[in-house]
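Enquirer: Structure here, sequence nowhere to be found:
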Ligand SMILES: Nc1ncnc2c1ncn2[C@@H]1O[C@H](COP(=O)(O)OP(=O)(O)O)[C@@H](O)[C@H]1O
Ligand SMILES: [Mg+2]
């Protein structure tokens, strides 16, 4: 295997926000290299700069220092190779579901008949076909989130930046969508950078999990996720023996404090950062090495 | 009824039964239709011009960073004053004749529209703009796909305000110097002491205004269907 140019390269990137109140250092000296087809999750405490990092990679923001390369070429503003799904759906209430989905295609001038068939396909696959003539306010939160996902997928980007795409969903829908999305994206060989606050989601879906430190965000750990059984679907992953080990590793790296208690003592509280405690894996006393 | 019982003086206020007769007479000889037609035409023209011109200027302001930075503070203050407070301005300029009044009415409705629509533009969720920018939208596309459609409710609100303003402007103009229109008919009726004529015109005027307003409301429900 030839060592190829990384799909996304983040080269000593720092970001400071300047506001009237002063400056906020959101990210500090981030170096990351993401290969084509890799599925990478980014976890970290809230406010540590995860969304900022995605905005930088998307080209919406310019880093204060350092540079970002896509396919070896320094990023200059927005590129059509990237699809960026923001943390909220921001559906346009005056457009029908169908017209919301094709927004990106319209803007990029790709609104062609052949692509429309692809969009129809996506709508059917995500169970939104019957709602295509509805308006956003008629849909549930979970459905709206799926519309936003399809809107991002419709422009057929090589690289997907997903900012907590499943955060607003109920647990069942979330598990189902994680499987769906992972199947589609891995099947199509997309490069994915997923921001999440859910450790089990990160472990279940990714090839690699990056842990960021508290603000200013720095890369604290870079963990390869590998299963003896090979690449599994997210749902199956949760049952694999290695799952708890990875869960605990990331939990420790995150170093979450609850009311001043050190992480080592709180880590066995079930359901921390988990929407449905009963179904979340409880970390073991002695994780497998 | 009240007039028949001498509770109020029918010579000054006229009465519904006579108004109805006058209405039928005027309708037959065609006077009514032509005068109403002229007033409606003048009003429609001026509120449409006011709204369109105002919206265009608002777009220009939004587009030009320099203009919006310079004018922004003034527009904010203007927007927070009640629109009806501009009414007395008409009276101040009453003496200046037809042209002045039309110009005045138009100017005020343009200013009101600019302020309302521009404030609407500024109120558009910046995250929606961010969203289209992730797709690589140009400034023109941001305007087309987000700012304008998101501001349709504001533009219709401006249209509603302008209907009222245009009516006042046109009628006052007709009072003064016109040879046609409902305003002229009212003044003429008063001058020749045909108060039935004047009152009939006033009633027609009210009905016409209500109809125009209704029309704009229809437009509103048509364009804002997505609101339920
Ligand atoms: N536009 C902005 N202007 C100023 N500060 C910002 C801006 N966006 C984010 N920040 C600050 O930068 C830090 C990181 O924000 P963000 O990337 O949204 O974190 P996360 O997504 O990890 O929760 C936060 O402290 C936030 O307050
Ligand atoms: Mg965030």
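Expert: Now that the structure is in, tell me what you want to look at. Because the structure is predicted, anything quoted here is derived from the model rather than measured. Ligands and ions are numbered 1, 2, ... in the order given.

Enquirer: what ranges do the helices span in the chain?
Expert: Chain wasn't specified; assuming chain A. With helices called from DSSP state H, chain A shows them at A:50-58, A:97-101, A:103-107, A:113-125, A:141-154, A:171-187, A:199-205, A:234-237, A:243-254, A:263-266.

Enquirer: let's do chain B instead
Expert: Counting by DSSP H, the helices of chain B are B:10-13, B:16-29, B:31-63, B:65-80, B:87-92, B:97-122, B:126-134, B:139-142, B:148-150, B:152-177, B:182-191, B:195-223.

Enquirer: Of all these, which one is nearest residue A:28?
Expert: With distances scored as Cβ to Cβ, the stretch of these nearest to residue A:28 is helix B:126-134 (23.9 Å). Any C-beta I mention is one placed from the backbone N, CA and C, and that applies to glycine too.

Enquirer: what residues does chain B put near chain A?
Expert: Within chain B, the residues that sit near chain A (Cβ under 8 Å from any Cβ of the partner chain) are B:125, B:127-128, B:130-137, B:141, B:145-146, B:149-150, B:152, B:226-228.

Enquirer: Just the buried subset of these, written out for PyMOL, thanks.
Expert: Buried subset of the residues of chain B next to chain A, written as a PyMOL selection, criterion 16 or more other Cβ atoms under 10 Å in any protein chain shown:
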select buried, chain B and resi 128+130+131+132+133+134+135+136+137+141+145+146+149+150+226
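
Enquirer: And the spatially most central residue of chain B, how far from residue B:201?
Expert: The centre of chain B sits closest to residue B:163, judged by Cα atoms, centre = their mean, with a distance of 2.0 Å. Here residue B:163 is placed at a distance of 19 Å from residue B:201 (Cβ to Cβ, to the nearest Å).

Enquirer: Any idea how many residues pack against residue 21?
Expert: Reading this off chain A. 7 (other Cβ atoms under 10 Å in any protein chain shown).

Enquirer: that's the other chain; I wanted chain B
Expert: A count of nearby residues for residue B:21, using other Cβ under 10 Å, gives 12.

Enquirer: Spatially nearest residue to it (excluding sequence neighbours)?
Expert: residue B:196 (7.7 Å; Cβ to Cβ, 6 or more residues apart in numbering or on different chains).

Enquirer: How many residues are close by residue 57?
Expert: Just so you know, I chose chain A. By the criterion of other Cβ under 10 Å, residue A:57 has 23 neighbours.

Enquirer: meant chain B actually
Expert: Residue B:57: 17 surrounding residues under other Cβ under 10 Å.

Enquirer: correct me, but it touches residue B:114?
Expert: Yes: at 4.9 Å, residue B:57 counts as touching residue B:114 under the criterion of Cβ atoms under 8 Å.

Enquirer: Where does pLDDT dip in the chain?
Expert: No chain in the question, so chain A it is. For chain A, the stretches flagged by pLDDT under 70 are A:1-3, A:256-289.

Enquirer: think we crossed wires, I meant chain B
Expert: Counting by pLDDT under 70, chain B contains low-confidence residues at B:1-15, B:79-102, B:104, B:176-178, B:228.

Enquirer: Quick check: residues of it near ligand 1?
Expert: Counting by Cβ under 6 Å from any ligand atom, no residue of chain B lies close to ligand 1.

Enquirer: And the residue of chain B that's closest to ligand 1?
Expert: Closest to ligand 1 within chain B is residue B:126: 9.7 Å, counting by Cβ to the nearest ligand atom.

Enquirer: got a list of what that residue touches?
Expert: Listed by Cβ atoms under 8 Å, 6 or more residues apart in numbering or on different chains, residue B:126 has no contact partners.

Enquirer: Which positions in stretch A:4-18 come out as buried?
Expert: A:6, A:7, A:8, A:9, A:10, A:13, A:14, A:15.

Enquirer: my bad, should have said stretch A:136-149
Expert: Within stretch A:136-149, the residues that count as buried by 16+ other Cβ under 10 Å are A:136, A:139, A:142, A:143, A:144, A:145, A:146, A:147, A:148, A:149.

Enquirer: Stretch A:226-242 too?
Expert: Applying 16+ other Cβ under 10 Å to stretch A:226-242 flags A:234, A:237, A:238, A:240, A:242 as buried.

Enquirer: same check, this time on stretch A:72-89
Expert: Taking 16+ other Cβ under 10 Å as the criterion, stretch A:72-89 shows A:75, A:78, A:79, A:81, A:82, A:83, A:84, A:85, A:86, A:87, A:88, A:89 as buried.

Enquirer: got the residues you listed as a markdown table, with distance to residue B:67 columns?
Expert: Below are the buried residues of stretch A:72-89 laid out as a markdown table (distance: Cβ to Cβ, whole Å):
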| residue | distance to residue B:67 |
| --- | --- |
| A:75 | 32 |
| A:78 | 26 |
| A:79 | 32 |
| A:81 | 36 |
| A:82 | 33 |
| A:83 | 35 |
| A:84 | 31 |
| A:85 | 35 |
| A:86 | 30 |
| A:87 | 33 |
| A:88 | 32 |
| A:89 | 33 |
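
Enquirer: Next step: the residues you listed restricted to strands.
Expert: In strands, defined here by DSSP state E, the members of the buried residues of stretch A:72-89 are A:82, A:83, A:84, A:85.

Enquirer: Quick check: bridge partners of the third one?
Expert: It refers to residue A:84. Residue A:84 has these beta-bridge partners by DSSP bridges: residue A:161.

Enquirer: for chain A, which residue is closest to the average position?
Expert: By Cα atoms, centre = their mean, chain A has its centre lying nearest to residue A:194, at 1.6 Å.

Enquirer: Who are the contact partners of it?
Expert: By Cβ under 8 Å, 6+ apart, residue A:194 lies in contact with A:39, A:40, A:41, A:42, A:162, A:165, A:202, A:205, A:206.

Enquirer: Surely the second one and residue A:54 touch.
Expert: No: applying Cβ under 8 Å, one finds residue A:40 not in contact with residue A:54, separated by 11.4 Å.

Enquirer: So the two - more neighbours on which side?
Expert: Shown here are residue A:40 and residue A:54; by other Cβ under 10 Å, residue A:54 has more neighbours (25 against 22).

Enquirer: who touches that one in this structure?
Expert: A:84, A:161, A:163, A:193, A:195.

Enquirer: Just want the phi and psi numbers for residue A:231.
Expert: Dihedral pair for residue A:231: phi -70, psi 120, per degrees, to the nearest 10.

Enquirer: so it touches residue A:182, yeah?
Expert: No: using Cβ under 8 Å as the test, residue A:231 is too far from residue A:182 to be in contact (9.5 Å).
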